[in-house]
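Trainee: sequence-free structure coming up:
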C-alpha cells in the first residue's frame, strides 16, 4: 500500500469517501484508486442468445454491488480492524511521530565483558560473566555472544541476553551463559551488537541491598535472605537480586538470582528476598556479594 506522504508510515484506515487516514499522524490522503459505483440497469435486447447476455449483465452488476457494499462496510469498521501493515504504537501526549531510532542519547557506545567463573551442572557446562557499560550512554538490551568448541570443532555460536534490559553508563551486571551442551567445551565471548537506549526503552536502576544472611543446608546448599531498599525517586517493579558466592580463597564458586516478592518497591521502601543456591555452584561459599536492579515503573 502507499505510505503516508506526510510521515511515511505504512499503516492507514479508509474514510467514507475512499481516502486513507494515516494511523500515526492522521493525515488524510488519496492513492488514486477509485472505487466503482454500480452501473444502472438496461433493458435486455431481443437478439439471438439475448437471455444469456441478460443473465451475464445482471450477474456482473450484482458482483459490482457486493464489492461496493464491502468497501462501505470496511470504511465503517472499527479502526483496529481497518489497519493495514504494522500496528502502530499509540503515542503519548508529549510524544511526536518520530521513530525511536531518530532520538537516541548522544554519546559513545562501549561495553566490556569479563569471564568470572566456569562450572559444570551435571554434564552441562555453564559460565558467568560480568558485563559493564564503559560508554557514555545507556545500553539497550545488553548481551553477549559465545562460541563453543570441543576438539577443534565449533559446537555452536549463541547469543545470551542479560535480564537487566537497560544499563546506564558505569553500570555492571552478571550474565549467566548456559548453552545447553552435553560435554565440556572451550568458550570465547564477545559483546553483542550495541544499541543505544531510546525514549521507548524501559529504564532500570540499581537498588541498595541493605542486609543479607546465608544459612547452609544439607552440607552443599545455601539459603540467602535479605532486604533491598529503593533509594530512587521512582517505584521499582520486577526487582531482580543477584548473588555470587566466594570460597575461602576468594574465588567465585556459586551464583544464584531471584526476584523480590510482591508487585514492586515504592521510593524509600524496602523489599524482602530469598535465594536458594546450590544448582549453579562448584563448592559451598564462605561469603556472598549481592546486587539488585529494578525496572522503573512509570
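Mentor: Done, it's in. Source: prediction; values computed, not measured.
Trainee: C-terminal to the least confident helix or strand in the chain by mean pLDDT, what's the next element?
Mentor: When the helices and strands of the chain are scored by mean pLDDT, DSSP states H and E, helix 79-82 comes last with a mean of 32. Going down the chain from helix 79-82, the next helix or strand is strand 111-121, by DSSP states H and E.
Trainee: Okay, buried residues for the helix or strand following that following strand please.
Mentor: Counting by DSSP H and E, the element after strand 111-121 in chain order, helix or strand, is strand 124-133. If you call a residue buried by 16 or more other CB atoms under 10 Å, then strand 124-133 has these buried ones: 125-129, 131-133. Glycine gets a C-beta too; all of them are placed from N, C-alpha and C.
Trainee: got the contact list for residue 106?
Mentor: residue 137 (CB atoms under 8 Å, 6 or more residues apart in numbering).
Trainee: Low-confidence ranges, the stretch 101-250 of the chain, go.
Mentor: 101-105 (pLDDT under 70).
Trainee: All the strands of it, residue numbers only.
Mentor: 111-121, 124-133, 139-140, 143-150, 153-161, 166-167, 172-177, 186-191, 204-217, 221-229, 236-246 (DSSP state E, counting those that start in this stretch).
Trainee: who does the last one touch, helix- and strand-wise?
Mentor: So that's strand 236-246. strand 172-177, strand 204-217, strand 221-229, strand 252-259, strand 270-277, strand 287-296 (3 or more CB pairs under 8 Å, 6 or more residues apart in numbering; DSSP states H and E).
Trainee: Relative to residue 145, which of the ones you listed is closest?
Mentor: strand 172-177 (9.8 Å; CB to CB).
Trainee: strands paired with the closest one, and their directions?
Mentor: strand 124-133 (antiparallel) (DSSP bridges).
Trainee: burial count for residue 154?
Mentor: 11 (other CB atoms under 10 Å).
Trainee: With distance to residue 274 added, can I get the buried residues of strand 124-133 in CSV?
Mentor: Converted to CSV, the buried residues of strand 124-133 look like this (distance: CB to CB, whole Å):
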residue, distance to residue 274
125, 28
126, 22
127, 25
128, 21
129, 25
131, 25
132, 28
133, 29
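Trainee: how near is residue 283 to residue 6?
Mentor: The spacing between residue 283 and residue 6, counted by CB to CB, to the nearest Å, is 64 Å.
Trainee: what about the residue lying closest to residue 274 once chain neighbours are set aside, distance to residue 275?
Mentor: Nearest in space to residue 274, with sequence neighbours left out and distances taken as CB to CB, 6 or more residues apart in numbering, is residue 225 at 5.0 Å. Remark: distance between residue 225 and residue 275 (CB to CB) = 8 Å.
Trainee: now do residue 281
Mentor: Taken as CB to CB, the span from residue 281 to residue 275 is 12 Å.
Trainee: burial measure for residue 222, as a count.
Mentor: Residue 222 sits with 21 neighbouring residues when counted by other CB under 10 Å.
Trainee: ok, it - contacts?
Mentor: Taking CB under 8 Å, 6+ apart as the test, what residue 222 contacts is 214-216, 245, 254, 256, 275-278, 284-285, 288.
Trainee: what do you get for residue 158?
Mentor: Applying CB under 8 Å, 6+ apart to residue 158 gives the contacts 145-146, 148, 179.
Trainee: hmm, try it at 7 Å
Mentor: Residue 158 makes contact with 146, 179 under the criterion CB atoms under 7 Å, 6 or more residues apart in numbering.
Trainee: Repeat that for residue 286.
Mentor: Taking CB under 7 Å, 6+ apart, one finds 246-248 in contact with residue 286.
Trainee: Now distance to residue 221 too, for those, in CSV please.
Mentor: Below are the contacts of residue 286 laid out as CSV (distance: CB to CB, whole Å):
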residue, distance to residue 221
246, 16
247, 15
248, 18
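Trainee: Pull out the buried residues from those.
Mentor: 246-247.
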